[in-house]
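[1] sequence first, predicted coordinates after that:
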Amino acid sequence: MAQKQHKKETPSHIAYRLFFIFLGASLAAFSIERLLIPNQIIDGGVIGVSLILDYLIPDDWSLLNFATLVILLNAPFMYFGYKQIGKTFMLSSIVGVLFLAGAERFFHHFEPLTTQPILATVFGGLALGLGVGLVIRHGGSLDGTEILGILLTKKLPFSVGEFVMFINVFIFSWAAFVFGMEQAMYSVMTYYIAFKTIDAVIEGLDETRAVLIVSDRYEEISDAILHRLGRGTTKLLGKGGYTDEQKEVIYAVVTRLEVTKLKSIVNEIDPDAFIAIMVTHEVKGAKFKSAIH
């Protein structure tokens, strides 16, 4: 039996991904050099550790700057995580980290954008999150902490998110000792803003909801959703757990702003209908955005 061959990326698609990885790394470097470092504010993970070490290492040791540190600290995670994250992700991450290091050296020669900690916290977090999010969305990573989490949590009773949070508690505690409690609090705020911005970039700004509707009047409800809301539906075959009777289940995806109208339509046709509404992170399909209202 012949082994299935996976379709390779085209050169144009590779160039497209590399452009956005470069753009994301440059935004992150801009945030670090022109907003965070001048105000002694850090991020979590490898970037945060690199920023603290860069501050502690004497200026005479010019080779051990942030750019060098972020490469050296990420290197073992990239190496040991190769089998877990795949070749493409690893290479994209290596390129992203190299772009970050190079862009950081470029922005190092510019004056700080602001010396107001609260402005640096908000706009630094936004720029950093946007940059890191672009890199992740296009197949790479700038921080090996998550990779380490993936490797270790297979043998530990923790999720990757819990592991990363646990590591960051120590990093921000270290920051409080080095920079002071106030700067550490600004750093936590920066991390939170960056984290939320990364989510927005990866998942997109179009908030959608997946809806499951169980009703004996499923035909009328499905028709109304199609003609009055402009959204297509899928009919699933289910079975009641208590009665063991077969039920038609309507599945639809709508925008956040359409949820109220959908509930109104369903309630008008069948007030006793069961509705479950779930958050969806991403919806793809050429016909989804062309709905009528």
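    Arrived safely. Quick caveat, the model's predicted, so the values are computed rather than measured.

[2] need the residues that contact stretch 232-243.
    Residues outside stretch 232-243 that contact it (C-beta atoms under 8 Å, 6 or more residues apart in numbering): 214, 218, 222, 225-226, 245-252, 287. In short, each C-beta sits where N, CA and C put it, glycine included.

[3] mind redoing it with 7 Å?
    218, 222, 225-226, 245-252 (C-beta atoms under 7 Å, 6 or more residues apart in numbering).

[4] mind listing what's buried in that stretch?
    Thr233 (16 or more other C-beta atoms under 10 Å).

[5] ok, Ala210 touching Ile275?
    No: if you go by C-beta atoms under 7 Å, Ala210 and Ile275 don't touch, sitting 11.4 Å apart.

[6] more neighbours: which of the two?
    A count of neighbours by other C-beta atoms under 10 Å puts Ile275 above the other of Ala210 and Ile275, at 17 against 14.

[7] who are the packing partners of whichever strand or helix holds the more buried one?
    Following DSSP states H and E, one finds Ile275 within strand 274-280. Taking 3 or more C-beta pairs under 7 Å, 6 or more residues apart in numbering; DSSP states H and E as contact, the helices and strands that strand 274-280 lies on are strand 208-214, helix 259-269.

[8] the helix or strand hosting Val253 pairs with which strands, parallel or anti?
    Using DSSP H and E, Val253 sits in strand 246-255. Sheet pairing of strand 246-255 (DSSP bridges) gives strand 208-214 (antiparallel), strand 233-239 (antiparallel).

[9] how far off helix 259-269 does the first one point, in degrees?
    Okay, so that is strand 208-214. 10 degrees (axes from the mean of the first three to the mean of the last three C-alpha atoms, to 10 degrees).

[10] hang on, the earlier thing: same list (the strands paired with strand 246-255) but as a markdown table, adding mean pLDDT.
    Below are those laid out as a markdown table (pLDDT from 0 to 100):
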| stretch | mean pLDDT |
| --- | --- |
| strand 208-214 | 90 |
| strand 233-239 | 85 |
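
[11] mind putting those into TSV with distance to Ile52?
    Output for the strands paired with strand 246-255, formatted as TSV (distance: least, C-beta to C-beta, whole Å):
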stretch	distance to Ile52
strand 208-214	40
strand 233-239	51
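
[12] can you list the weak-confidence ranges in this structure?
    1-7, 81, 83-85, 150, 153-154, 159-161, 204-206, 281-282, 284-293 (pLDDT under 70).

[13] how much space between the residue sitting furthest away from the middle of it and Arg17?
    Most distant from the centre of the chain: Thr243, at 42.2 Å, with distances by C-alpha atoms, centre = their mean. When C-beta to C-beta, to the nearest Å is the yardstick, Thr243 and Arg17 sit 51 Å from each other.

[14] now Glu248
    42 Å.

[15] same thing with Ile225?
    Ile225 sits 37 Å away from Arg17, going by C-beta to C-beta.

[16] more neighbours, those two?
    Ile225 (24 against 19).

[17] so who does that one touch?
    231, 233, 252, 262, 265.

[18] tell me what the second one is bridged to.
    With DSSP bridges as the criterion, Thr233 is bridged to Ala252.

[19] just among the contacts of Ile225, which is most surrounded?
    Among those, Leu262 has the most neighbours (other C-beta under 10 Å), with 23 neighbours.

[20] what about Gly129, how many neighbours?
    Neighbour tally, Gly129, other C-beta under 10 Å: 26.

[21] what's the answer for the one 5 residues further on, then?
    Using other C-beta under 10 Å, the number of residues around Leu134 comes to 24.

[22] go on, the one 3 residues further on?
    Neighbour count of Arg137, defined by other C-beta under 10 Å: 17.

[23] and the spatially closest residue to it that is not a sequence neighbour, what does it touch?
    With sequence-adjacent residues excluded and distances taken as C-beta to C-beta, 6 or more residues apart in numbering, Arg137 is closest to Ile202, at 5.3 Å. Residues near Ile202 by C-beta under 7 Å, 6+ apart: 133, 136-137.
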